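A.B. asks: Would you be able to build a 3D model of this:
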Amino acid sequence: MLVFERGSAVSGKEKEKAQKISSEEILSCGTSLTIADAESLYQRLKTLLSGETAVVIEAHEIEVIDTAAIQLLGAFVQEAGSHGISGKWKMPSAALRTSAHRMDMESLLMLEAA
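C.D. replies: Below is the predicted model of the structure:
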């Protein structure tokens, strides 16, 4: 089952080092995830599902997120769980939490524990 939890902030050097660890894949969300980003986000998530490594979703920079992106992330969390891929949220932003709450998707995204 996929378990998402809050991660701590890391410096640039630590982040670079963490991205090199083969046991984790880092998904950096950037500042905006909208319908315009849906295709590229879908492709990144699909690639992560084809692997066997844990996934860390860095969501602390998200300022704008729309329904399409929330739905893609929700589908990813559920699908990853069914594939036995572990993962965690790394500091989900207030914008992500607010949007997920408004859409009643916190549980699907497993943000309650993050």
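A.B. asks: if I pick the spatially most central residue of the chain, what's in contact with it?
C.D. replies: Taking CA atoms, centre = their mean, the centroid of the chain lies closest to residue 57, which sits 3.3 Å from it. Neighbouring residues of residue 57 by CB atoms under 8 Å, 6 or more residues apart in numbering: 4, 27, 29, 73, 87-90, 92. From N, CA and C alone the C-beta is placed, and that goes for glycine too.
A.B. asks: Just to be sure, it is in a strand?
C.D. replies: Yes - according to DSSP: H, G, I helix; E, B strand; the rest coil, residue 57 belongs to a strand.
A.B. asks: need the longest helix for this structure.
C.D. replies: Longest helix in the chain, counting residues (DSSP state H): helix 67-82.
A.B. asks: Next, the buried residues of that helix.
C.D. replies: For helix 67-82, the neighbour count (16 or more other CB atoms under 10 Å) marks 68-70, 72-74, 76-77, 80-81 as buried.
A.B. asks: Equivalent analysis for stretch 37-45, please.
C.D. replies: Those would be 37, 41, 44-45, for stretch 37-45 by 16+ other CB under 10 Å.
A.B. asks: And stretch 94-106, by the same measure?
C.D. replies: Per 16+ other CB under 10 Å, stretch 94-106 contains these buried residues: 95-97, 99-100, 105-106.
A.B. asks: now, among these, which is nearest to residue 33?
C.D. replies: residue 96 (8.5 Å; CB to CB).
A.B. asks: which SS class is that closest one?
C.D. replies: Applying three-state DSSP: residue 96 is helix.
A.B. asks: residue contacts, it?
C.D. replies: So residue 96 contacts 59, 62, 65, 111 (CB under 8 Å, 6+ apart).
A.B. asks: Please identify the helix or strand for the last one.
C.D. replies: When you say that, I think you mean residue 111. Here residue 111, judged by DSSP states H and E, is contained in no helix and no strand.
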